[in-house]
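Peer 1: Below is the sequence, then the predicted model.
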Amino acid sequence: MTAHPPAAARRGRSRRAVVPLAAVGVLLAGTALTGCGQQRDPDVYTVMNSSTDESYHRWDAEAMARCSKRLGVTVEQQSVPAAQVMTKALRMASSKSLPDIIQFDASEMPTFADAGGLVDLRSLGLSTDDVPKGIVNFGSYKGTYYGASRSVNTLALFYNKDILDEAGVKVPTTWDELRDAAKRLTQGKRYGIALSAGGAEDGVFQFAPFMWSNGGDETKLDSPEVAQALDYWKGLLKDGSLSKSTLNWTQADVNDQFMAGNAAMMINGPWQVETLNTDKSLHWEIARIPVPKAGEDSVGPLGGSVLTVPNTDDEQRERTAGKIVACLSSQKEQLTYALNSWMVPANAKAAAVWREKVPELDALADQVAAARSRTAKLGAGWSSVSLALQSAFQSALTGQSSEAALKLAQQRATSGNRG
């Protein structure tokens, strides 16, 4: 692949903590979500994000400096590990010390919005005219637009071109082709494919394309379609094409295995590109994730974060915070951020320019076009589904039938039982 501006590919290592909706009530019990309990500098605005990686932190600082100059205020970032953003935001809400802007993972945003903690961005003047409907929905909860995306991402099939060429294996497009290719590419210590089925959101994110492309649905985890998708994973494991360690791997671990030559293919995202490009001898390419039958849509999960304005009961600061969000998510800033990070711009016009600049990632842009939000159907209820699926993976991939594991998962998801 042609080298491009670097990205913090190790971002995939940080695991987001899924905070159940019930926990929000506990953290906020007896407190008001809104209000500012501290004196603030009227010209200094704070953005809390998870940009702890050096590259991301620097890119955000540069973008905030540009927006500071345009708006005549000072914009500073407060970066915390991704797994701590939600819990820290909830603690700050209860102590009335919220920042002016919070960058949430889009799957977490509905939980905070459900508690009444966010301001409608349209009421602050933000437009969604050039944002595709799916990405508007990605930042919305119950029809209200709370989160502006700068970029989005999804998963794709990464493959080692040299290994496939040497083995005479074509890039697979269907499940049968993928399973056959993975078998043929498994030799010695090298597995045909690597993916994450770990007990965290990483694994659920990676399962979504298999579940959704097969017609499965997060509202009915015990359906035959979801069981077939999980059985497909079990088949790869039974074939020996997939390492048993997949149960413990994050997406960054999967990338490590691919780079080490221990996997010929992997399911992963664009945040790994910088690390992949450090090895000039590694000739990798990407394709859409294979589907059950030829010609069907490959439906992956939209990933990424959204910029939100917390409800602080200070309308003047909220309006200025809205202008900052508008600046950071403007077409020009989106393109700059996307070219740095390898993500796809949320703005349709910026995305068109991005495609021209990185044509080798066209498959990723195509995958994004068919992708959807994990929280589109369940909103804040996604956290219960995620936790239930994580347990199902661990059970099914270590011997239990997919049907039994998913039946229990459905019960857990609907009853709120996290055990």
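Peer 2: Cool, the structure landed. All values reported here derive from a predicted model rather than from experimental measurement. Numbering: from 1, shown residues only.
Peer 1: export the helix or strand harbouring Y191 as PDB, just CAs?
Peer 2: Y191 belongs to strand 191-194 when assigned by DSSP states H and E. Provided in PDB are the C-alpha atoms of strand 191-194 (Å, rounded to 0.1, in the frame of the first residue of the first chain):
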ATOM      1  CA  TYR A 191      -3.700 -19.500  10.400                       C
ATOM      2  CA  GLY A 192      -5.900 -18.700   7.400                       C
ATOM      3  CA  ILE A 193      -7.700 -15.900   9.200                       C
ATOM      4  CA  ALA A 194      -7.700 -13.900  12.400                       C
END
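Peer 1: buried ones in it?
Peer 2: For strand 191-194, burial by neighbour count (16 or more other Cβ atoms under 10 Å) applies to 191-194. In this view, the C-beta of every residue, glycine as well, is placed from N, C-alpha and C.
Peer 1: next one: stretch 41-52
Peer 2: Buried residues in stretch 41-52, counted by 16+ other Cβ under 10 Å: 45-51.
Peer 1: can you pull the buried residues of the helix or strand where N340 lies?
Peer 2: Using DSSP H and E, the element containing N340 is helix 331-341. Within helix 331-341, the residues that count as buried by 16+ other Cβ under 10 Å are 331, 333-341.
Peer 1: what residues does stretch 120-129 touch?
Peer 2: When contacts are defined by Cβ atoms under 8 Å, 6 or more residues apart in numbering, stretch 120-129 is touched by residues 136, 139, 144-148, 308-309, 318-319, 321-323, 325-326, 329.
Peer 1: Just the ones in strands from those, please.
Peer 2: Among the contacts of stretch 120-129, the residues falling in strands (DSSP state E) are 144-145, 308.
Peer 1: from the residues you listed, which is closest to K220?
Peer 2: T144 (26.3 Å; Cβ to Cβ).
Peer 1: out of the buried residues of stretch 41-52, what pair is the most spread apart?
Peer 2: Y45 and S50 (18.0 Å).
Peer 1: still on that earlier bit, for M64, state which of the buried residues of helix 331-341 is nearest.
Peer 2: Nearest member of the buried residues of helix 331-341 to M64, counting by Cβ to Cβ, is E333, at 9.9 Å.
Peer 1: returning to what we had before: can you lay out the buried residues of stretch 41-52 as a markdown table showing pLDDT, distance to S401 and secondary structure?
Peer 2: Output for the buried residues of stretch 41-52, formatted as a markdown table (pLDDT from 0 to 100; distance: Cβ to Cβ, whole Å; DSSP: H, G, I helix; E, B strand; the rest coil):
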| residue | pLDDT | distance to S401 | secondary structure |
| --- | --- | --- | --- |
| Y45 | 97 | 53 | strand |
| T46 | 97 | 50 | strand |
| V47 | 98 | 47 | strand |
| M48 | 97 | 43 | strand |
| N49 | 96 | 42 | strand |
| S50 | 94 | 37 | coil |
| S51 | 93 | 42 | coil |
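Peer 1: if we can go back for a sec, ok, of the ones in strands among the contacts of stretch 120-129, which come out buried?
Peer 2: Buried residues within these, counting neighbours by 16+ other Cβ under 10 Å: 145, 308.
Peer 1: Save the ones in strands among the contacts of stretch 120-129 as JSON lines, and put in distance to P172 too.
Peer 2: Formatted as JSON lines, those follow (distance: Cβ to Cβ, whole Å):
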{"residue": "T144", "distance to P172": "41"}
{"residue": "Y145", "distance to P172": "38"}
{"residue": "T308", "distance to P172": "39"}
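Peer 1: Could you work out the most separated pair of the buried residues of strand 191-194?
Peer 2: Among the buried residues of strand 191-194, G192 and A194 lie farthest apart (Cβ to Cβ), at 8.7 Å.
Peer 1: which residues do those two both contact?
Peer 2: Joint contacts of G192 and A194 (Cβ under 8 Å, 6+ apart) are 242, 263, 265.
Peer 1: Let me know the pLDDT of the last one.
Peer 2: In other words, M265. Listed pLDDT for M265 reads 98.
Peer 1: ditto for the first one
Peer 2: The predicted local confidence for L242 comes out at a pLDDT of 98.
Peer 1: do E360 as well
Peer 2: E360 is assigned a pLDDT of 82 by the prediction.
Peer 1: What is the neighbour count of it?
Peer 2: A count of nearby residues for E360, using other Cβ atoms under 10 Å, gives 11.
Peer 1: Over to S95?
Peer 2: 12.
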